[in-house]
Every structure is written in C-alpha cells, then in structure tokens.
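Based on what follows, work out the 3D shape:
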Amino acid sequence: MREKRNRYFDYSLLFIVIFLVCFGLVMLYSTSSFDGQLKFKDGAFYLKKQLFATALGLGVLFLFAAIDYRVWKRFWLLAYLFSLGLCVAVLFVGSEFNGSKRWLKLGPLSFQPAEFAKLAVLIFLAMVISRIPKYMGKLRTMILIMFSILPIVALVAKENLSSAIIILGIAIALIFVSSPKYLHFILIGGLAVGAGAAFLVTASYRLTRIKIWLHPEDYDKGFQTLQGLYAIGSGGLFGKGLGASMQKLGFVPEAQNDMIFSIICEELGLFGAIGVMLLFVLLIWRFMVVASNAQDLYGALLVSGILAHISIQVILNIAVVTNSIPNTGISLPFISYGGTSVLFLLAEMGIALSVSRGINLTEE
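Residues are numbered from 1 along each chain as shown. From the prediction side, this is the model:
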C-alpha cells in the first residue's frame, strides 16, 4: 500500500504563544498606565515600546519557523563566541539601570546580551550533545559539557544571577534528557547546587537577599515583596476587575516588570492566576509533543532546551512573586515588560515551530 506523507505544523503551539503575547500586552497596559502617565506623561508609553518589540519578535518567529532548524548547526560555535563577546562587552561598556549593568546600547536601542546568551547556549549545547550521544552516559562527558558553558554563566551571573540560573538550568535539563545515567545526573546537579551556594557566599548583598526573603518586613528592600503579597491576597477568587488594581498605583515598584503576576492576581483573582499557569502548562505540553516526535536528536534537544527555559523562568518568577524563594529579578515570559526578552523568546518559539514542521505524519 502506498504511503502518503502529510506536512505537519503545530498550530496549537502557535495559537498559545499568540494568546499569551496578546494577554501580556493587555496586562502590561493595565499595569503600567499609571506609571507611564506619572513618569512620561503617556499612559501607553510602556505598551508602545513593548508593541514595537513584539511586532519585531513575531516577524522573527515566522521567519525562523519557515527556516529549516538544521541551519543553526552551522552557527553553533559562532553563536557561543559572539554571546561570550557580548557578555564581556557589558562589563566594560554596558549601561547601568537600577544598580545593575546588564544592557548594551546601539544608538537609540538597547538590549540585554544575557537574553541572547540563553538562545546561544541552547543552540551550542544541542549541537554538541547531538554529535556525541553515545558518550553522554559517561561522567567525564557531562562534566566537560558543564565546564564548556561556565564562562558564559560566570559572566552573566556577575550582574544577572537569574539569567545565569536559567542558562545553567538549560544545560542540566539537556544533560538529563540525553543521558541514560541518572546517578551521574544527580551528581552533576549536586555540583551545580554546590557551586551556586558558593557563589552566593562570595557576595554579601546576595546573602542579604536571603535575609530579606525570610523577613521582608524588617528591611526597606522587602517593601516590593510585601506589596506584591498584599496584591495577591486582595484579589480573592475572582479579582477586582481588569484595570482596578490599587497596588499598581505606586505601591508595587516597577510592577510591569518582575511583579506583574501579583497584579494579575489582584485584578483577575485566583482563577485568573490559575488560568495563566494553565496556559504555560499547555505550552510546555506542546513542547513535549514536538520534542518527542522530532525528526532527529538535534531538533529534539533544541525543543527540550526551549521547554527547560520557559519552565524554569515561569517557576522562578511565580516563586519570587509569592515569596517562595529569594527575589532574583526574573520576568514572566511573554507578559512582563522587556523588549529583549520577548524578542528572543519569540525567536525560540519560531525554532520550535520549525522543528514541528519536520514531523512526518504518514497514512497508508
């Protein structure tokens, strides 16, 4: 009987991403309009900037979705070295904002190299691991792979600990899915946790964050955390209604950034918050479907890395907002304000969609 090939494209994944982006723009305007009016005499100031980055990001998404994902195999080393160079450049010519030097300026535009580093490390590791799958069961191979990304992790961690944690998490996740030796993976994970603990001890301000986390009421820097918790608590089951938040009126500093989930809880309530989390669960499920049916190991690793990136970032953001972990300054994917973040996230979605195009559906 003749075999018929059907071309596949994950429209479910695309729909979820577009819905999250649109929802993020609505919540961003609701959250930032007061701050924008107060600082820039324009309630839509943050929305306009995010709209520009989102439009650019959607263009990149569809471009990357149309390109065969295997083309990125040619740029694995270049992406890594370029990312390393950008991270070094930040230390010397980076722009400082809120006490952290994370941005590079290109004329009127600025971007965070740490966001590009996540994508570059993902492409780099997917290529490296796909070339040596038979050796992934060896402890020596796992250690060498971890050491290969330590320069970028160290450079990013100097000014942006949360992004460094995500990069490290992507590496650990890719080692986990590609290695048959779980004991070795546990050892690698233990070493990573130990290195992270040692890194925290080396700077007093990081230890202070832990103290603020344990007793936010005793520190001035715990103000944002407390106000975020007030917002979550005051939302109740169904929320105060879209646009009706009180905490965004100057009580939660920079609410449109890392703390936007607290305003979602206040305006849309527990049901709204659960709805957002379910959307991310659906997104992660689609990544799992694409990764498990990918045409080759390289494609599966790319999507697995993207899955790890989104999962870690969502979990960390919600954990920070609910004060379950110390504040690390991490955004909520597709929803928090940040042009560089949404641009590179949408680029990753384009790569995942490109991998989905390689899936073969056959009929007899």
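
When you work out contacts or count neighbours from here on, use the C-alpha atoms and nothing else.
Fine.

can you give me the offset of whichever helix or strand residue 305 is part of from its chain's centre?
Residue 305 belongs to helix 297-321 when elements are defined using DSSP states H and E. Offset of helix 297-321 from its chain centre (CA atoms, centre = their mean, to the nearest Å): 7 Å.

Mind giving me the packing neighbours of it?
Counting contacts by 3 or more CA pairs under 8 Å, 6 or more residues apart in numbering; DSSP states H and E, helix 297-321 packs against helix 113-131, helix 161-178, helix 223-235, helix 260-292, helix 339-357.

quick one: contacts of the shortest one?
By CA atoms under 8 Å, 6 or more residues apart in numbering, the list of residues contacting helix 223-235 from outside reads 216-217, 245-247, 251-253, 259, 262-263, 265-270, 321-323.

With only the CA atoms kept, save that helix in CSV.
Output in CSV follows, covering the C-alpha atoms of helix 223-235 (Å, rounded to 0.1, in the frame of the first residue of the first chain):
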residue,chain,number,x,y,z
PHE,A,223,8.8,46.6,50.5
GLN,A,224,8.2,45.4,47.0
THR,A,225,7.7,41.8,48.1
LEU,A,226,5.2,42.8,50.8
GLN,A,227,3.2,45.0,48.5
GLY,A,228,3.1,42.1,45.9
LEU,A,229,1.8,39.8,48.5
TYR,A,230,-0.9,42.3,49.5
ALA,A,231,-1.9,42.5,45.9
ILE,A,232,-2.2,38.7,45.6
GLY,A,233,-4.2,38.5,48.8
SER,A,234,-6.6,41.3,48.0
GLY,A,235,-7.5,39.8,44.6
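
list the buried ones in stretch 10-25?
Applying a neighbour-count criterion of 16 or more other CA atoms under 10 Å, one finds 10, 13-14, 16-17, 20-22, 24-25 buried in stretch 10-25.

again with stretch 82-91
83-84, 86-88, 90-91.

Turn those into CSV, columns for secondary structure.
Below are these laid out as CSV (DSSP: H, G, I helix; E, B strand; the rest coil):
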residue, secondary structure
83, helix
84, helix
86, helix
87, helix
88, helix
90, helix
91, helix
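
now, among these, which is nearest to residue 285?
Taking CA to CA as the measure, residue 285 lies nearest residue 83 of the buried residues of stretch 82-91, at 29.3 Å.

give the contact list for the closest one.
113, 116-117, 120, 152.

before we move on, the earlier item: just put the buried residues of stretch 82-91 in JSON lines and tack on distance to residue 223.
Output for the buried residues of stretch 82-91, formatted as JSON lines (distance: CA to CA, whole Å):
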{"residue": "83", "distance to residue 223": "35"}
{"residue": "84", "distance to residue 223": "35"}
{"residue": "86", "distance to residue 223": "34"}
{"residue": "87", "distance to residue 223": "31"}
{"residue": "88", "distance to residue 223": "33"}
{"residue": "90", "distance to residue 223": "29"}
{"residue": "91", "distance to residue 223": "29"}
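
Out of these, flag the one nearest to residue 37.
residue 90 (30.9 Å).

ok, the closest one to residue 102 distance?
6 Å (CA to CA, to the nearest Å).

okay, and the common contacts of these two?
With CA under 8 Å, 6+ apart as the test, residue 90 and residue 102 both reach residue 113.

how about low-confidence regions in the stretch 51-200 of the chain?
98-100, 107, 184-185, 189, 192, 195-200 (pLDDT under 70).

I should have written the stretch 201-350 of the chain there, sorry.
For the stretch 201-350 of the chain, the ranges with pLDDT under 70 are 201-206.

State which strand of the chain is the longest.
As assigned by DSSP state E, the longest strand anywhere in the chain is strand 100-106.

That strand: how far from the chain's middle?
18 Å.

ok, now stretch 214-225?
25 Å.

Also stretch 255-272?
Its chain's C-alpha centre lies 18 Å from the corresponding centre of stretch 255-272 when counted by CA atoms, centre = their mean.

One more: stretch 212-226?
25 Å.

Compute the first-to-last residue distance for it.
10 Å.

can you pull the contacts of the most centrally placed residue in the chain?
Centroid-nearest residue in the chain, with CA atoms, centre = their mean: residue 313, separated by 4.5 Å. By CA under 8 Å, 6+ apart, the residues touching residue 313 are 166, 330-333.

Among these, which one lies nearest to residue 238?
residue 332 (21.0 Å).

what about that closest one, neighbour count?
23 (other CA atoms under 10 Å).

Which of the three states applies to it?
Classified using three-state DSSP, residue 332 is coil.

I'd say it and residue 320 touch.
No: the criterion here is CA atoms under 8 Å, and residue 332 misses it with residue 320 at 10.5 Å.

where's residue 230 relative to residue 266, distance?
9 Å.

And the two? Which one has more around it.
residue 266 (33 against 17).

The closest residue to the more buried one other than its chain neighbours and residue 24: what is the separation?
Distances taken as CA to CA, 6 or more residues apart in numbering place residue 235 nearest to residue 266, at 3.7 Å, with adjacent residues excluded. To residue 24, residue 235 is 18 Å away according to CA to CA.

cool, residue 56 as well?
From residue 56 to residue 24 the distance is 16 Å (CA to CA).
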